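Novice: Below: sequence and its predicted model.
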Amino acid sequence: MRNHIDYIEFPAKDLKNIKAFYEKVFQWEFTDYGPDYCAFDDGKMKGGFERKDNFIPAGRPLVVIYHPELERKLQQVEAEGGRIVAPIFSFPGGRRFHFADPDGNLLAVWSDK
């Protein structure tokens with residue numbers, strides 16, 4: 001399956017507290033990836049929390065779309081008027097890039113390949 005929303009990321013100022021909140025209220029399970037990132041699994045959707053020093057309480061989540069051909073998607077995003085805000089980079093589990101759509105909404109595309 002491709003081109004579906006696969007993952008969502010939220011900013012957080014304190015990972016310990018945010019994990020405790022979602023564990024107690026919603027029974028989410030967490031996996032830590034260093035001191036500044038933790039992934040969650042709510043039983044259906046997966047996502048993560050990234051610790052941010054410049055945390056903005058009304059910050060937007062990062063919607064992450066899966067596609068196995070990352071370079072091709074990056075080219076398509078640019079060709080259709082999107083703006084790359086973070087070029088392809090590696091992270092635990094794969095690679096991804098971030099982009100702004102023509103209206104300025106920030107999203108990402110990832111691949112495990």
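Specialist: That came through fine.
Novice: Which helix or strand contains residue 18?
Specialist: Element membership for residue 18, per DSSP states H and E: helix 15-26.
Novice: buried stuff in that helix?
Specialist: Residues 15, 18-19, 22 are the ones in helix 15-26 that count as buried (16 or more other CB atoms under 10 Å). In short, each C-beta sits where N, CA and C put it, glycine included.
Novice: Any chance of the residues you listed in a markdown table with pLDDT and distance to residue 68 as columns?
Specialist: Below are these laid out as a markdown table (pLDDT from 0 to 100; distance: CB to CB, whole Å):
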| residue | pLDDT | distance to residue 68 |
| --- | --- | --- |
| 15 | 92 | 30 |
| 18 | 91 | 31 |
| 19 | 93 | 30 |
| 22 | 91 | 30 |
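Novice: what pairs with residue 46 across the strands?
Specialist: residue 7, residue 41 (DSSP bridges).
Novice: Let's see the distance spanning stretch 34-50 from one end to the other.
Specialist: 10 Å (CA to CA, to the nearest Å).
Novice: can you count the residues close to residue 96?
Specialist: Residues lying near residue 96 (other CB atoms under 10 Å) number 24.
Novice: Just to be sure, it is in a strand?
Specialist: Yes - counting by DSSP: H, G, I helix; E, B strand; the rest coil, residue 96 is located in a strand.
Novice: With residue 84 as the reference, measure out to it.
Specialist: Noted for residue 96: a distance of 11 Å to residue 84, by CB to CB, to the nearest Å.
Novice: what's the answer for residue 61, then?
Specialist: Taking CB to CB, one finds residue 61 at 20 Å from residue 84.
Novice: Could you do residue 55 as well?
Specialist: 24 Å.
Novice: Surely residue 38 is within a strand?
Specialist: Yes - under three-state DSSP, residue 38 falls within a strand.
Novice: Identify the residues contacting it.
Specialist: 15, 19, 30-32, 48-49 (CB atoms under 8 Å, 6 or more residues apart in numbering).
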